[in-house]
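> Have a look; sequence and predicted model below, questions after that.
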Amino acid sequence: MDSAARVERERLLRRAVLGGDEGAWRTWYDEAFDALYAYILWRCGGRHDQADEVAQETWLTAVRRIRRFDPDRGSFAAWLRGLAANVLRHHLRRRSRQWKREEAAKSAETALSPQPQPDHADRIAATLDAVSERHEAVLRAKYLDGLSVAEIAARWNETPKAIESLLTRARQAFRELFEK
């Protein structure tokens, strides 16, 4: 679907949703859910429990903020991914505060006991949240969407060499942040 057709279709869906058309919501939900959930699961480092919670909160946020969605500024799918990224950041901050409180409580009990550490999936999620948006986008295109370098280059209107270079930098940034 070309950009003008997408914008017009999403304007009509938005108008119908704001008018109370449950069928329009169902259409959007059905079309967007699988890709959004895959994105969230990827950003959560494969943790289904956390992904389920983030997905639910993302859709609730979308319902509350649908008036703010502007099809001229981007697709509904991109808007949902932005909401999900913000929800995930909120969850990571909350989880980090919880770990700190638990560590403080345990250190008060005994200074010699080992401190709880975030698990591998939490570290992946935090690292994906910490890399730049452009690095996250190219990693998502390659590893979540399964696009080849040539496909990413064509979609982004860049050369394959530029995408290879960007992927190299994105992987390095991810690696450095993950190891911290």
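Good, I have the coordinates.
> Only C-alpha atoms from now on, for both contacts and neighbour counts.
Will do.
> Which parts of this protein are helices?
3-18, 22-43, 48-65, 76-109, 120-130, 133-139, 149-156, 160-179 (DSSP state H).
> In this structure, where is pLDDT below threshold?
Counting by pLDDT under 70, the ranges of the chain that qualify are 1, 96-118.
> what residues go with each domain of it?
3-129, 131-180 (automatic domain parsing).
> returning to that earlier point: which of the helices of the chain sits most buried?
Mean neighbour count, computed with mean count of other Cα atoms under 10 Å, is highest for helix 120-130 among these, reaching a mean of 19.
> hmm, who's touching that helix?
Residues outside helix 120-130 that contact it (Cα atoms under 8 Å, 6 or more residues apart in numbering): 42-47, 85, 89, 92, 136, 174, 177-178.
> Switch the residues you listed over to CSV; also include distance to D34.
Formatted as CSV, the contacts of helix 120-130 follow (distance: Cα to Cα, whole Å):
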residue, distance to D34
W42, 12
R43, 14
C44, 15
G45, 17
G46, 15
R47, 16
A85, 16
R89, 21
L92, 23
E136, 19
F174, 25
L177, 29
F178, 27
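> ok, which pair from those residues is furthest apart?
Spanning the widest gap among those are R47 and L177, at 19.5 Å by Cα to Cα.
> what's the distance between the residue positioned nearest the centre of the chain and V149?
What sits nearest the mean C-alpha location of the chain, by Cα atoms, centre = their mean, is A85, with 4.1 Å. In this view, A85 and V149 are 24 Å apart by Cα to Cα, to the nearest Å.
> One more: W156?
W156 sits 10 Å away from V149, going by Cα to Cα.
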